[in-house]
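**Student:** Got a sequence here, can you model it:
(chains A, B, C and D)
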Number of protein chains: 2
Amino acid sequence: MTRTHHQHPRFQLRLVSGKDVVIGPGKADLLDAIGRTGSISSATREMGLSYKKAWQLINTMNEHFAAPVIATVSGGSQRGGAELTDFGHRVLEQYRALQTRLTAENAPETQALLNLLAPSDAPDP
Amino acid sequence: MTRTHHQHPRFQLRLVSGKDVVIGPGKADLLDAIGRTGSISSATREMGLSYKKAWQLINTMNEHFAAPVIATVSGGSQRGGAELTDFGHRVLEQYRALQTRLTAENAPETQALLNLLAPSDAPDP
DNA sequence: TCCCGCTATTTCCATTTATACATAACGGAA
DNA sequence: TTCCGTTATGTATAAATGGAAATAGCGGGA
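**Tutor:** Residues are numbered from 1 along each chain as shown, chains lettered A, B, ... in the order given. From the prediction side, this is the model:
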């Protein structure tokens, strides 16, 4: 799958602990995709990353958060799948809220830094 | 040099454009070190990264910002060196301001997410 | 003129990271 | 019992990243 590259300059937020990224843009998108598609596999196909990588990302989140972010099922009539736990929903919700707040207009420092970019990086056009 | 690993969970901020990180924690620290030490070389020795890597980080910043963040000198009585440009100082200042604002108490969403971490990740002790 | 430490750049190599592929288990349905 | 697509995991390979080392140029001082 072709890599989807956002073009405009943007701020990204990461929660880091030790050497691990607990959650960031990629993991948040993965959680979102799993929630929407109902399985890790379908989420990886949609996002264009390997199942193993996705599993590792999820595993890292589960290692650092107080509870698992997704619940998985093997076999059965639905052939298995995965869904966000209530806890996982809260994690994603809080991350998005923080992300939104950062990019919001009530952060004048955001614009101040964007205005220092070269014109080719199209701060606001 | 041994890698210095901050232990406590923390938020990191990045300004990204296309596939490049315009500025983030590492580049900000590099600018700071160059400003303090007076050369790229001494900054790399202090931080424990290669000159090549540092130069690449600086080059990426210069490619995306509207003006160079450092000014370099080759040869001369001082044997050459580097210093932050006025523009570079502004970039670093604005980044630090944004970073500070993010971690500040006026971001309750920050604590909300930290509180979802496992006890072993020591949210506040 | 030579010397010095720095900038700037290239080449080569080690490390890290990610992918591709293979495999086993799962459990309901046919 | 066989079949299915998924979870979960290991192994081997490819790609990306980073470092070490070499090289050239700089320009003022000795």
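
**Student:** which residues touch the closest residue in space to A:Val69 that isn't next to it in sequence?
**Tutor:** Setting aside the residues directly before and after it, A:Val69 is nearest to A:Gly88 in space (C-beta to C-beta, 6 or more residues apart in numbering or on different chains), at 3.5 Å. Every C-beta, even on glycine, is put in place using the N, C-alpha and C of the backbone. Neighbouring residues of A:Gly88 by C-beta atoms under 8 Å, 6 or more residues apart in numbering or on different chains: A:Leu31, A:Gly35, A:Pro68, A:Val69, A:Ile70.

**Student:** Same list (those residues) but as CSV, adding distance to DNA strand C, secondary structure and pLDDT.
**Tutor:** As requested, the contacts of A:Gly88 are arranged in CSV below (distance: C-beta to the nearest atom of the strand, whole Å; DSSP: H, G, I helix; E, B strand; the rest coil; pLDDT from 0 to 100):
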residue, distance to DNA strand C, secondary structure, pLDDT
A:Leu31, 17, helix, 98
A:Gly35, 20, helix, 98
A:Pro68, 17, coil, 98
A:Val69, 19, coil, 98
A:Ile70, 17, strand, 98
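
**Student:** any idea which of the residues you listed is closest to DNA strand D?
**Tutor:** Using C-beta to the nearest atom of the strand, A:Ile70 is the member of the contacts of A:Gly88 that sits closest to DNA strand D, with 7.8 Å.

**Student:** one step back: distance check, the residue nearest to A:Val69 against A:Ala82.
**Tutor:** The gap separating A:Gly88 from A:Ala82 is 10 Å, by C-beta to C-beta, to the nearest Å.

**Student:** ok, now A:Thr44?
**Tutor:** Applying C-beta to C-beta, the value for A:Thr44 to A:Ala82 is 11 Å.

**Student:** Widest-spaced pair of the contacts of A:Gly88?
**Tutor:** Across the contacts of A:Gly88, no pair lies farther apart than A:Gly35 and A:Pro68, at 13.8 Å, counting by C-beta to C-beta.

**Student:** how about the residues of chain A near DNA strand D?
**Tutor:** Residues of chain A found near DNA strand D (C-beta under 7 Å from any atom of the strand) are A:39-42, A:51-52, A:55, A:72-75, A:79-82.

**Student:** Out of those, which end up buried?
**Tutor:** Buried members of these, scored by 16 or more other C-beta atoms under 10 Å in any protein chain shown, are A:Ser39, A:Ile40, A:Ser41, A:Gly81, A:Ala82.

**Student:** which SSE is the third one in?
**Tutor:** Counting by DSSP states H and E, the element that carries A:Ser41 is helix A:40-47.

**Student:** Can you verify the residue nearest to A:Val69 is assigned to a helix?
**Tutor:** Yes - assessed by DSSP: H, G, I helix; E, B strand; the rest coil, A:Gly88 belongs to a helix.

**Student:** quick one: pLDDT of the nearest residue to A:Gly26 once chain neighbours are set aside?
**Tutor:** Once flanking residues are discounted, A:Gly26 sits nearest to A:Leu57: 7.0 Å by C-beta to C-beta, 6+ apart. Turning to A:Leu57, the model gives it a pLDDT of 98.
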